[in-house]
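[1] Whatever this is, show me its structure:
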Amino acid sequence: MNLRRLTIYAICTGFCASRLIAAVEWHVIKVNGRDFLSVDNISKFYGFSNPVVDGQNVKLSSDKNELQFRVGSREMLLNGVRNWLSFPVFVHDGKVLLSRIDLAKTIEPQLRPNMIKNLGRVQTIVLDPGHGGFDKGAISGYGYEKDYALDLARLLRPLLQAKGFRVIMTRESDVFVPLEVRAQIANATRDSIFVSLHFNATDHDPLATGFEIYSLTPRGAPSTYEDWLTQMSINIQNGTEADAASVELSSCIYHSLIGHIGEFDRGIKRARFAVLRLTKIPAVLVESGFLTERGESRLIAKPEWRKRLADAICTGIDNFRTLAENKKRPLIVADYRQQKSGAPAGETESQTNQPTAPILSLDMLYSEAPREDFVPIQTPTPSPIGTAPAEP
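    Residues are numbered from 1 along each chain as shown. Got it, this is the predicted structure:
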């Protein structure tokens, strides 16, 4: 009888807790015609502790997730990894506000990946080695991007096949494949994802280093490399049913890269590159280091370095499949680093429901950021309205 009463009590308690969470409502705040939500509202909805404000820095934390924002900036840390928002966080009438588009399209899929709609099986990986043929891509003193990208894909393919994936490559040799054809190859597959492989370059900052990853820019928002919302951004109405899945695929791959390899974290970003814009399945573009930086270009030229990249990307893809099929929470950068430090299997921070401290603080992130990553802060201007996450 006591056991029965305890069981009924537990069921009722869980039901009441779920009702309490569901009772948290969104209070949309209009500024210049665009929708924003307060950090306090976000904190209550997701069950974070009270926001911690330290100067311009705002921190939200729970037993599973941690967010850090900086007022006046488009950069944030989500579970220890840099993410780029579409619009700056700012203060209005005494409240710290975040764009509804950013919450719905960037933060929500990563906080609650198990709730992403239409997240189907992942059986086929479409690997897209960038450039090819007469299109050499970026150039270093050691070689061409097109060759490194193809070699990375060739290293990655058997790793994925060993895990049971079917692998299709948009090019098998040094040939030029038009961007729209690459997207057509991806769109002709089922139960699949698209991963475009590249190496980076810059013509104005020879010291720029690190990894970054892109998925499609949300509808009505600027891309990461745009300093403000242009008329073109407003008019481009791209967006697919795979948007949320693409962001989470970015997250899975990127956390694995940063967790396994100690390169600079340039962040999870957004762009309207043709291969992302034209592809209808979950799609990302990976930039695996700079060929224009002397030290990093030497690393990229080493086959063993590219093998490390392939291993990390493969782990991230496999982690995404586990999410899609089993709704299991993906590993994050802190988990990978704890595994490397020798923690027993199955006892990483997020899996034991312990707080996952960020790898970087916001102050560290800003002091280490490459110069080209800083963008002017713009006053919010009108644009199409985003969609807030569905309530639990």
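
[2] Show the average pLDDT along stretch 339-354.
    Summarised as a single mean, pLDDT over stretch 339-354 is 51.

[3] How about stretch 191-200?
    Rounded mean pLDDT across stretch 191-200 is 98.

[4] what do you get for stretch 36-51?
    Mean per-residue pLDDT for stretch 36-51: 96.

[5] That one: which residues count as buried?
    For stretch 36-51, burial by neighbour count (16 or more other C-beta atoms under 10 Å) applies to 36-39, 41-46, 48, 51. Yep, even glycine has a C-beta here, placed from its N, CA and C like the rest.

[6] now the end-to-end length of that stretch.
    Its first and final residues considered, stretch 36-51 spans 17 Å by C-alpha to C-alpha, to the nearest Å.

[7] Off-centre distance for that stretch?
    Relative to its parent chain, stretch 36-51 has a centroid offset of 21 Å by C-alpha atoms, centre = their mean, to the nearest Å.

[8] Identify all contacting residues around it.
    Contacts of stretch 36-51 with the rest of the structure, by C-beta atoms under 8 Å, 6 or more residues apart in numbering, involve 21, 24, 26-30, 58-62, 65, 67, 69, 89, 92, 95-100, 103, 107, 111, 380, 388, 391.

[9] that older thread, which one among the buried residues of stretch 36-51 gets closest to residue 277?
    Set against residue 277, the nearest of the buried residues of stretch 36-51 by C-beta to C-beta is residue 36 (26.6 Å).

[10] Double-check that that closest one belongs to a helix.
    No. Secondary structure of residue 36 (DSSP: H, G, I helix; E, B strand; the rest coil): strand, not part of a helix.

[11] show me what contacts the closest residue to it other than its chain neighbours?
    Distances taken as C-beta to C-beta, 6 or more residues apart in numbering place residue 97 nearest to residue 36, at 4.0 Å, with adjacent residues excluded. When contacts are counted by C-beta under 8 Å, 6+ apart, residue 97 is found next to 29, 31, 36-39, 89-91.

[12] now for the longest helix seen in the chain, which elements pack on it?
    Longest helix in the chain by number of residues (criterion: DSSP state H): helix 303-326. Applying 3 or more C-beta pairs under 8 Å, 6 or more residues apart in numbering; DSSP states H and E, one finds that helix 303-326 contacts helix 145-162, strand 192-200, helix 243-260.

[13] please redo it, this time with the cut-off set to 7 Å
    The contact analysis (3 or more C-beta pairs under 7 Å, 6 or more residues apart in numbering; DSSP states H and E) places helix 303-326 against helix 145-162, helix 243-260.

[14] just to revisit the earlier point, going by distance to residue 133, which of the buried residues of stretch 36-51 wins?
    residue 36 (46.5 Å).

[15] ok, back up a step: which of the buried residues of stretch 36-51 fall within helices?
    Counting by DSSP H, the buried residues of stretch 36-51 contribute 39, 41-46 to helices.

[16] would you list those residues in JSON lines and tack on distance to residue 331?
    JSON lines is the format used below for those (distance: C-beta to C-beta, whole Å):
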{"residue": "39", "distance to residue 331": "27"}
{"residue": "41", "distance to residue 331": "29"}
{"residue": "42", "distance to residue 331": "24"}
{"residue": "43", "distance to residue 331": "25"}
{"residue": "44", "distance to residue 331": "27"}
{"residue": "45", "distance to residue 331": "24"}
{"residue": "46", "distance to residue 331": "20"}
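
[17] Just to be sure, residue 77 is in a strand?
    Yes. Counting by three-state DSSP, residue 77 is found in a strand.

[18] Identify the residue nearest it in space, chain neighbours excluded?
    residue 68 (4.1 Å).

[19] how about the one you found, phi and psi?
    phi -130, psi 130 (degrees, to the nearest 10).

[20] what about residue 27, how many neighbours?
    Counted by other C-beta atoms under 10 Å, the residues lying close to residue 27 total 12.

[21] same thing with residue 180?
    Count around residue 180 with other C-beta under 10 Å applied: 12.

[22] which non-adjacent residue is nearest it?
    Closest to residue 180 by C-beta to C-beta, 6+ apart is residue 278, at 5.9 Å.

[23] buried residues in the helix or strand containing residue 334?
    Assessed by DSSP states H and E, residue 334 sits inside helix 333-340. Across helix 333-340, burial judged by 16+ other C-beta under 10 Å covers 333-339.

[24] got it, and stretch 120-135?
    Using 16+ other C-beta under 10 Å as the burial criterion, the residues of stretch 120-135 that qualify are 122, 124-132.

[25] Closest one of the residues you listed to residue 182?
    residue 128 (5.3 Å).

[26] Please report how far the nearest residue to that closest one once chain neighbours are set aside lies from residue 328.
    Among residues not flanking residue 128 along the chain, residue 196 sits closest, at 4.0 Å (C-beta to C-beta, 6+ apart). Using C-beta to C-beta, to the nearest Å, residue 196 is found at 26 Å from residue 328.

[27] who has more neighbours, the two?
    residue 196 (27 against 13).

[28] Show me how far stretch 324-337 is from its chain's centre.
    Centroid separation between stretch 324-337 and its chain, computed with C-alpha atoms, centre = their mean, is 13 Å.

[29] shaky segments in the stretch 201-350 of the chain?
    The stretch 201-350 of the chain contains residues with pLDDT under 70 at 228-239, 343-350.

[30] returning to what we had before: any chance of the buried residues of stretch 36-51 in JSON lines, with distance to residue 287 too?
    Putting the buried residues of stretch 36-51 into JSON lines (distance: C-beta to C-beta, whole Å) gives the following:
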{"residue": "36", "distance to residue 287": "30"}
{"residue": "37", "distance to residue 287": "31"}
{"residue": "38", "distance to residue 287": "34"}
{"residue": "39", "distance to residue 287": "30"}
{"residue": "41", "distance to residue 287": "34"}
{"residue": "42", "distance to residue 287": "30"}
{"residue": "43", "distance to residue 287": "33"}
{"residue": "44", "distance to residue 287": "36"}
{"residue": "45", "distance to residue 287": "33"}
{"residue": "46", "distance to residue 287": "30"}
{"residue": "48", "distance to residue 287": "31"}
{"residue": "51", "distance to residue 287": "33"}
